Structures are given as C-alpha cells and as structure tokens.
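Enquirer: no sequence for this one, just the structure:
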Ligand SMILES: [Zn+2]
C-alpha cells in the first residue's frame, strides 16, 4: 500500500506499511519532508508532518 505525501503529493512507496509503528519517521524522497506515523490500523496509515525539512 502506498501513501501520498501531504506536502508534494508524491507517492510514498511504503513496502512494509503494515509494519509501520506509531512514532516511526518516514522521509519523503521527493521534497525531503519528514513524516511521522501517528496511527496504523491494519495498513490504514495516518501520517503527520514532523519536520518541514529545508
Ligand atoms: Zn513529499
């Protein structure tokens, strides 16, 4: 399952999405933003912007 970056709409290829845990950090390789996993309900992942990069 893929997720879409909330910042640049890049498709984040999360191969192990079902293994993502709350608090885990993902980096968008498109815009460099840092996203934190805030919830994962059976692969239904919610992401939150943790750091806008720069
Ligand atoms: Zn992005």
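Expert: Now that the structure is in, tell me what you want to look at. From a predicted model like this one, the values you see are computed outputs, not experimental measurements.

Enquirer: pLDDT weak spots in this protein?
Expert: Applying pLDDT under 70 to the chain picks out residues 1, 15-17, 52-54.

Enquirer: Quick one: the strands in it, in order.
Expert: With DSSP state E as the criterion, the chain has strands at 2-4, 11-13, 25-27, 34-41, 44-51.

Enquirer: Please compute how far the fourth one lies from its chain's middle.
Expert: In terms of CA atoms, centre = their mean, to the nearest Å, the gap separating the centre of strand 34-41 from the centre of its chain is 6 Å.

Enquirer: same deal with stretch 7-23?
Expert: Centre to centre, stretch against its chain (CA atoms, centre = their mean), the figure for stretch 7-23 is 4 Å.

Enquirer: Adjust the sequence numbering to begin at 585 for everything that follows.
Expert: Right, with 585 as the first residue, what we last looked at is stretch 591-607.

Enquirer: does any bit of that stretch sit next to the ion?
Expert: Yes. Stretch 591-607 is in contact with the ion by CB under 5 Å from the ion, via 591-592, 594. Every C-beta, even on glycine, is put in place using the N, C-alpha and C of the backbone.

Enquirer: Identify the residues contacting the closest residue to residue 606 other than its chain neighbours.
Expert: Nearest residue to residue 606 in three dimensions, chain neighbours excluded: residue 621, at 5.7 Å (CB to CB, 6 or more residues apart in numbering). By CB atoms under 8 Å, 6 or more residues apart in numbering, the contact list for residue 621 reads 604-610, 629-631.
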